[in-house]
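*Asks:* When you get a sec, could you give me coordinates for this:
(chains A and B)
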Amino acid sequence: MYNCDYYTRPSGRKPCNEFIDSLSVKDKATVYSKINTLRNEGKLLIGTHVLEKIKNFSNKEKQDKELYELVCGRCRVGTHFDAGRRTFVLLCGWEKTQGKQPDDIAHCRALLHEYLDQGV
Amino acid sequence: MNFNANLRKEMRNPEFAKYYGEDQAKMELALAMFAARSKLKLTQGELARKLSISQPYIAKLEKGDVNPTVGHVGGLLAQIGLRLTIHTDDLISDSSLTSQPLVTCTSTDIKATEDDPMGGDKIQNITDAALSNTIS
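*Replies:* Sure thing, here's the model as predicted:
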């Protein structure tokens, strides 16, 4: 069993929480279900491709450690695994849209760096 | 508000609960399929060839992206010597909302013997045990 926490930005906003709240009931239920499974199974989900590592294709030398996307139908949730706390930090979410995905991932990466800079 | 509290709040909506339960059941099946394949040390392609189905279909099953019938899954598992076992449990077991699955699907070996080539004795024993638990 792992923990799943919403990331809270220094401004007090919770991007992942806000994203989930903006979804339809069906998409919201799917996202909650996948997060619950992530909580139970952790990185075992990598084997099923429900959890996938986010790779930095533009700069292969500079890969982010423990940055993943949780595949929830057409939605994605960006998450960072904090091994020390056995916690998945839910950074943000986005709908997979052709052409928009790189921007969403860049935003997710920026949130990860913001989180790591806080040194929580 | 944390994840548990949010989930508990959303569960008050029956439409949400329905979709949530559907996805949880599909994920339980996905994990059971993945575990079964891992146990056999097969790739998705190898398993697909063994079952005469496509590799993308195996991938979808393991991601919880498809909604196959129980009979279809049972048929697939039987071809690799496994059977599907299902039990129901409380979705929300207590106030701490420990994540109990609505339906848990696992795959179990079918042990065939000379006297019982289909492994029926084992199935009967499991059924009897389940019934006695229910009655008591």
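*Asks:* Could you use CA atoms for every contact and neighbour count after this?
*Replies:* OK.
*Asks:* Can you give me the pLDDT of the residue in chain A that chain B sits nearest to?
*Replies:* At 4.7 Å from chain B, residue A:29 is the closest residue in chain A, using Cα to the nearest Cα. Listed pLDDT for residue A:29 reads 95.
*Asks:* SS state for residue A:65?
*Replies:* At residue A:65 the chain is in coil, as set by DSSP: H, G, I helix; E, B strand; the rest coil.
*Asks:* Then the one 4 residues further on?
*Replies:* State at residue A:69, reduced to three classes by three-state DSSP: strand.
*Asks:* so what's it closest to, chain neighbours aside?
*Replies:* residue A:78 (4.5 Å; Cα to Cα, 6 or more residues apart in numbering or on different chains).
*Asks:* That neighbour touches residue A:95, doesn't it?
*Replies:* No - the pair residue A:78 / residue A:95 is not scored as a contact, 11.1 Å apart, by Cα atoms under 8 Å.
*Asks:* ok so, going back, pretty sure the residue of chain A closest to chain B contacts residue B:11?
*Replies:* No - between residue A:29 and residue B:11 there is no contact under Cα under 8 Å: 9.2 Å.
*Asks:* So, low pLDDT: which residues of chain A?
*Replies:* Within chain A, the stretches with pLDDT under 70 are A:57-61, A:120.
*Asks:* mind running it again at 90?
*Replies:* Applying pLDDT under 90 to chain A flags residues A:1, A:3, A:43-49, A:54-66, A:73-74, A:83-84, A:96-106, A:117-120.
*Asks:* in it, which spans are strands?
*Replies:* Taking DSSP state E, the strands of chain A run over residues A:3-6, A:51-53, A:67-72, A:75-82, A:87-95.
*Asks:* quick one: buried residues of stretch B:34-50?
*Replies:* By neighbour count, with 16 or more other Cα atoms under 10 Å in any protein chain shown as the criterion, the buried positions of stretch B:34-50 are B:34-37, B:44, B:47-48.
*Asks:* do stretch A:112-120 as well
*Replies:* Buried residues in stretch A:112-120, counted by 16+ other Cα under 10 Å: A:112, A:115.
*Asks:* That one: how far from the chain's middle?
*Replies:* For stretch A:112-120, the separation from the chain centroid amounts to 14 Å (computed by Cα atoms, centre = their mean, to the nearest Å).
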